[in-house]
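Engineer: can't give you the sequence, but here's the structure:
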């Protein structure tokens, strides 16, 4: 048998050979002083690697990591479960109510349903109020704009109403663009937590 | 702690037990620092990178699939972070495409002096010498070598976390070892 390849010497030392290959290697090693020396040199090399010490680690490393972990990491999941739970209860109530007054749980379901209905109507009322406020604000802005444009056309009789409107829109668009493009406002969000292991 | 215990700890974390994550940090902090320390050769930077790995892992814990080992998943985050770091620093990654020492080639490539050069050095000097030689390895060989011989991952685990065939991993680790040995013999 010819001398052992280096690759197999490492495989032998790391127990990566099949039992048959291992026996062949051992047979050869018994009769080949050159391979014995080569094997010894590699064994010594691997042993010296094993003796490499651990790198120094600050004693408070784990604590530092824990201090940087936010408390509310799983809050979103909790909210999803909560919403799912409420939806499930609502479905359950509707199911019970659909069976009519025979069910023993009817009164409880009716009360809960009434409570949820009131909550929804309160929310609707709030939304309507907000819409009304928005409409009032819009009307006020309209009056302001008309007054402003009349003033401008008074000072600049040659300018048409549409020309003034165009200038106003340009200023408005410019201001909005500046506001949105302020440094940091539209910077890409870090997606570190999406799929770091992929 | 065995791997199944890691999974149990992960489940506790996902139930909101933040303190349980500290068990995983304490278990893997030393292997992580050993990995980054050898890869970036800068203690402060390796501490920062290790910390970042644990923070990313915590944030992505819900994506962890229990059919894989936790250690493999965690080190996949580490290797990806290292690639990101090198890209940002614009450090050219050195890939050795030439076959290097061929496993089927004639075995007599590097002369085996007797006594070995390493035997002449005291343990501390020898450690220094090996660390310097590891730092001189090309990144892709160094990383696989560190994962195999410093972090004690099996070839199969390395193949899984680096998305490489097992044969390629074995061959590259072999190249790294022979290169390292030749560097040590040069001294």
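Structural biologist: Thanks, I have the structure now. None of these values were measured; they are calculated from a predicted model.
Engineer: read off the pLDDT value for residue A:41.
Structural biologist: As summarised for this prediction, residue A:41 has a pLDDT of 90.
Engineer: show me where chain B has its strands.
Structural biologist: Assignment of strands within chain B using DSSP state E yields no ranges at all.
Engineer: so where is chain A shaky, pLDDT-wise?
Structural biologist: For chain A, applying pLDDT under 70 flags the ranges A:1, A:71-77, A:96-105, A:156-162, A:182-198.
Engineer: now do the buried residues in stretch A:6-14.
Structural biologist: Applying a neighbour-count criterion of 16 or more other Cβ atoms under 10 Å in any protein chain shown, the buried positions in stretch A:6-14 are A:6-12. Every C-beta, even on glycine, is put in place using the N, C-alpha and C of the backbone.
Engineer: filter those down to the ones near chain B?
Structural biologist: Judged by Cβ under 8 Å from any Cβ of the partner chain, the overlap between the buried residues of stretch A:6-14 and the neighbourhood of chain B comprises A:6-10.
Engineer: which of the residues you listed lies closest to residue A:122?
Structural biologist: residue A:10 (74.9 Å; Cβ to Cβ).
Engineer: right, and the closest one touches residue B:175 too?
Structural biologist: No: no contact is recorded between residue A:10 and residue B:175 when judged using Cβ atoms under 8 Å, the distance being 10.9 Å.
Engineer: what about the helices in the chain?
Structural biologist: Just so you know, I chose chain A. According to DSSP state H, chain A carries its helices in the segments A:6-13, A:19-31, A:33-50, A:61-68, A:75-98, A:106-155, A:161-180.
Engineer: the intended chain is chain B.
Structural biologist: Under the criterion DSSP H, helices of chain B are mapped to B:3-14, B:18-40, B:43-59, B:70-89, B:123-136, B:139-145, B:155-162, B:166-186.
Engineer: in TSV, list the ones you listed along with mean neighbour count, distance to chain A and mean pLDDT.
Structural biologist: Output for the helices of chain B, formatted as TSV (neighbours: other Cβ atoms under 10 Å in any protein chain shown; distance: least, Cβ to the nearest Cβ, whole Å; pLDDT from 0 to 100):
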stretch	mean neighbour count	distance to chain A	mean pLDDT
helix B:3-14	16	7	86
helix B:18-40	20	4	93
helix B:43-59	20	3	93
helix B:70-89	18	4	91
helix B:123-136	14	6	86
helix B:139-145	21	9	92
helix B:155-162	20	7	93
helix B:166-186	19	5	92
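Engineer: so which of the ones you listed gets nearest residue A:45?
Structural biologist: Using Cβ to Cβ as the criterion, the shortest distance between residue A:45 and the helices of chain B is 5.4 Å, found for helix B:166-186.
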